[in-house]
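>>> Below are the sequence and a predicted model; questions follow.
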Amino acid sequence: MKENSNSQLPIADSQLDDYILKHIDPESDYLHRLWRATQLHLLYGRMASGHLQGRLLKMLVGMIRPKLVLEIGTYSGYSGLCIAEGLEEGAHLHTIEINDEQEDFTLPWFQDSPYADRITMHIGDALEVIPKLGLQFDMAFIDGDKRRYVDYYEMVMTHLNSGGYILADNTLWDGHVVDEASKDAQTEGIRHFNDLVAADTRVEKVILPLRDGLTIIHKK
C-alpha cells in the first residue's frame, strides 16, 4: 500500500497497476489471448511477463536496436514475442527453454505470430546451447532458473558484444532478497547474482522495481 500525500489515505497497489495499464500502449489481442492461455493451461502462469513488462521490453529493444538477441527462459513465449515485436528488419531472437514439455504449447504461438521469421526456439540447457550457437549477441534477457543466474551471467558476458545489454528478470524476488529468513536456493541464487553484478566493474547497472525487479546491465 502507498500513502496519498494529500489525503493520507492508502492507495492500493492494484489501483495503481490498473491506472498504469490504462495509460500505456495497449496489449495486442494476440498477446492477450496468449496471456489468458498461459493462465489457463500452464502452471505458474504468473511467470509470464505480461502487459506492462512486455511493453517495456518492446520499447527497450527499439531503443537498443540489437541485431541478435538471446533469451534464457522462453516459458509461454510472451516476452519473446514482445522482444521480437521491437526488432528491426533482419534482426533475430534466439530463445532457449530447458523444459521440453513447454515446446508443444509455446512453439505454435511463435509460428502463428506476425514475427515467426524473427524467432528461433531452442530446447535444452542454455549453458550448453549458447556455446554451440557460435554467436555474439547485442542484447540478452535472462529469465531462467534463479539458482543458476550467476552461471547464465558469466556465460552471456562471454557472448555479448561490447556496448551490449543484459536484462535480468525477478531480481527482487518478491522482496525475499532483503528478508533474512529467506534461505532457499532460488533466493540465494538471486542474491549472489545481484552482489556479483553490483561489484562487476565491466558493467553499468540499475535495478528497476518493476513487477518482481528488472535489472538493466550495460557492458562497457
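Right, received. Where do you want to start? Numbers count the residues shown, from 1 in each chain.
>>> from memory residue 98 sits against residue 128, does it?
No - at 9.7 Å, residue 98 does not count as touching residue 128 under the criterion of CB atoms under 8 Å. For glycine as for every other residue, the C-beta is placed from the backbone atoms N, C-alpha and C.
>>> Looking at these two, which one has more neighbours?
Neighbours per residue (other CB atoms under 10 Å) separate residue 98 from residue 128, with residue 98 holding more: 19 against 12.
>>> How about that one, nearest residue that isn't a chain neighbour?
residue 125 (5.6 Å; CB to CB, 6 or more residues apart in numbering).
>>> how about the longest strand seen in the chain: buried residues?
Counting by DSSP state E, the longest strand found in the chain is strand 160-169. Of the residues in strand 160-169, 160, 164-169 count as buried by neighbour count, 16 or more other CB atoms under 10 Å.
>>> Is it possible to get TSV of those residues that adds pLDDT and distance to residue 45?
Compiled in TSV, the buried residues of strand 160-169 are given as follows (pLDDT from 0 to 100; distance: CB to CB, whole Å):
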residue	pLDDT	distance to residue 45
160	98	30
164	98	31
165	98	27
166	98	25
167	98	21
168	98	21
169	96	15
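>>> From the residues you listed, pick the one nearest residue 148.
Nearest to residue 148, judged by CB to CB, of those is residue 168 at 12.0 Å.
>>> For that closest one, give me its contacts.
141-143, 149, 153, 193, 197, 214-215, 217 (CB atoms under 8 Å, 6 or more residues apart in numbering).
>>> Check residue 116 too.
Per CB under 8 Å, 6+ apart, neighbours of residue 116: residue 110.
>>> quick one on the thing from earlier: may I have the strands that pair with the longest strand of the chain, each with its orientation?
strand 137-142 (parallel), strand 214-219 (antiparallel) (DSSP bridges).
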